[in-house]
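Asks: Provided below for reference: sequence and predicted model.
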Amino acid sequence: MFETFTRGRPMPPGLDVLTPQLRDAFSRAYDRVQQNTQSVYATLFPKAMALERAFAKAGGLLIAGTDPTGAGGVVPGYADQRQIELLVDAGFGPVEAISIGTLHGAKYLGRDARIGSIAAGKQADVVVVLGDPSTTIADVRRVETVFKRGVGFDPVKLIDSVKGQAGIW
């Protein structure tokens, strides 16, 4: 779904990690989108949300993934969190949206025996959040600790280490 191309949608999160040039270019593009009253995305965006819902309801395996583009508004990590929020906006329950963003991708790749959910013996890559995203989906943004291969990382330090660098070729 092309939220960043749709007038009236919020500024995407995480822009501070982009290079200054990319952040400025995206801000200009975002401003143009907000001024475009004739954009086809105003019609396409809600239709895309309904299509995702209908696909899943019909038994399709809906998976989530973002495509960071040269336009700069789709920031890795932040965009993944936003996509889960958008799935809830499209009518999925919070737990269902989280599964689409985690377990469904693992199933699609045939790797769900090792990744995609929390269980004994599975790979220990998890994000610990403050709050309960099963009831308040915005809590997916309240990251306390990131575990990769069983090692915990401070998310503030991780983000600070890349501020102003995302988008460098």
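Replies: Nice, I can see it. Numbering: from 1, shown residues only.
Asks: use CA for all of it now, contacts and neighbours both
Replies: Noted.
Asks: Contact partners for the nearest residue to residue 101 once chain neighbours are set aside?
Replies: Using CA to CA, 6 or more residues apart in numbering and skipping the chain neighbours, the partner closest in space to residue 101 is residue 64 (4.9 Å). With contacts defined as CA atoms under 8 Å, 6 or more residues apart in numbering, residue 64 is in contact with 80, 83, 84, 100, 101, 102, 104, 105.
Asks: buried set for stretch 26-39?
Replies: Neighbour-count burial for stretch 26-39 flags 26, 27, 29, 30, 33, 34 (criterion: 16 or more other CA atoms under 10 Å).
Asks: re the thing from before, filter the contacts of residue 64 to the buried ones?
Replies: 80, 83, 84, 100, 101, 102, 104, 105.
Asks: and residue 147, what does it touch?
Replies: 124, 125, 126, 127, 128, 153.
Asks: can you map out the strands along this structure?
Replies: 126-129, 143-148, 151-153 (DSSP state E).
Asks: Of those, which is nearest residue 11?
Replies: strand 143-148 (19.8 Å; CA to CA).
Asks: what are the pairing partners of that closest one, and which direction each?
Replies: strand 126-129 (antiparallel), strand 151-153 (antiparallel) (DSSP bridges).
Asks: Pick the most deeply packed of the ones you listed.
Replies: With neighbours defined as mean count of other CA atoms under 10 Å, the strands paired with strand 143-148 peak in mean count at strand 126-129, which reaches a mean of 16.
Asks: what's in contact with it?
Replies: Identification of contacts with strand 126-129 by CA under 8 Å, 6+ apart yields 139, 140, 141, 142, 143, 144, 145, 146, 147, 148.
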